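*Asks:* Sequence and predicted model, in that order:
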There are 2 protein chains.
Amino acid sequence: MIERRDVFQAIADPTRRMIIQKLSKGPLNIGQIVEDFDMSRQAVAKHIKILSECGVITVVQKGREQFCEAKLSQLDEVADWVTESRKLWNQRFEKLDMLLKETKK
Amino acid sequence: MIERRDVFQAIADPTRRMIIQKLSKGPLNIGQIVEDFDMSRQAVAKHIKILSECGVITVVQKGREQFCEAKLSQLDEVADWVTESRKLWNQRFEKLDMLLKETKK
DNA sequence: TCATAATACAACCAAATGGTTGTCAAATAT
DNA sequence: ATATTTGACAACCATTTGGTTGTATTATGA
């Protein structure tokens, strides 16, 4: 299996989605993120690492603390993909319409 | 680990994203989908099964063939989540603006 | 200075993922 | 009638995932 590190992988896990939304409100360190989860610090740190590898967040060392900040621009790739799929979907109907008009002639 | 079956899981895999986009153009049976992939029929069938369990496609039996159709409405959940995250992100700046205005007084 | 807080690193685990191959059943075409 | 196509089901495999615990390191606060 290939270890995939992209935005889609980043948002596949519900815990990671929650982390992203928390960070959307502003930067936090790992300890502050852990507070909201019924999970070990290490487990959260792993998610943070994955999110960072996927380029969805950036981690800045500040003394002994690590501040995490969301990079929401990366979500564009997801939004674009959804938009593209919908476009294809709509074209499908247009083609059907054209076909119907064609057969009416 | 808990087996998650949601839209985010469905689009996490690149092969599945390609299948969705192919089906966005119109319904296909498994054989037709396999053609485009360098992968065994069984592997594709597994992805189809997952997509179906995630509610992103519907499968209709037609004689010996199985036609797969995309259910793009399910992608709304993804689009909504991205929109929501961005909203929080923007509010972050608004709050900062307000804070700046406040301190200016 | 010294305890504590914040985190890193590594080992470990069960379950899921993404793939394979083989066998079997049913519908269709020749 | 029989071969072929379409697909289901199961077993198997290596890797990843998502979590745990334990230990070590480093920065900060009292």
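*Replies:* Thanks, I have the structure now.
*Asks:* drop to CA atoms for contacts and neighbour counts, all remaining ones
*Replies:* OK.
*Asks:* can you give me the strands for chain A?
*Replies:* For chain A, the strands defined by DSSP state E occupy A:28-29, A:57-62, A:65-70.
*Asks:* List the buried residues of the lowest-mean-pLDDT helix or strand in chain A.
*Replies:* Sorted by mean pLDDT, DSSP states H and E, the helices and strands of chain A end with helix A:76-104, the least confident at a mean of 84. Across helix A:76-104, burial judged by 16 or more other C-alpha atoms under 10 Å in any protein chain shown covers A:78-79, A:82, A:85-86, A:88-89.
*Asks:* That helix and chain B in contact?
*Replies:* Yes. In terms of C-alpha under 8 Å from any C-alpha of the partner chain, part of helix A:76-104 sits within range of chain B, namely A:78-79, A:82, A:85-86, A:88-89, A:91-92.
*Asks:* Would you mind listing what in chain A touches DNA strand D?
*Replies:* Counting by C-alpha under 7 Å from any atom of the strand, the residues of chain A close to DNA strand D are A:1-5, A:9, A:12-13, A:15, A:38-44, A:46-47, A:62-64.
*Asks:* can you rerun that using 10 Å?
*Replies:* Within chain A, the positions adjacent to DNA strand D are A:1-6, A:9-16, A:37-47, A:50-51, A:61-65 by C-alpha under 10 Å from any atom of the strand.
*Asks:* closest to residue B:24 among the residues of helix A:76-104 next to chain B?
*Replies:* residue A:89 (4.8 Å; C-alpha to C-alpha).
*Asks:* need the contact list for that closest one.
*Replies:* When contacts are counted by C-alpha atoms under 8 Å, 6 or more residues apart in numbering or on different chains, residue A:89 touches B:24-26, B:72.
*Asks:* For those residues, pick the one with the most neighbours.
*Replies:* Ranked by neighbour count (other C-alpha atoms under 10 Å in any protein chain shown), the contacts of residue A:89 have residue B:24 at the top, with 24 neighbours.
*Asks:* Quick check: that residue vs residue B:7, distance?
*Replies:* Distance, residue B:24 to residue B:7, by C-alpha to C-alpha, to the nearest Å: 15 Å.
*Asks:* cool, residue A:46 as well?
*Replies:* Going from residue A:46 to residue B:7 by C-alpha to C-alpha gives 23 Å.
*Asks:* Quick check on the two: which one has the bigger neighbour count.
*Replies:* Neighbours per residue, other C-alpha under 10 Å: of residue A:46 and residue B:7, the larger number sits with residue B:7, 19 against 11.
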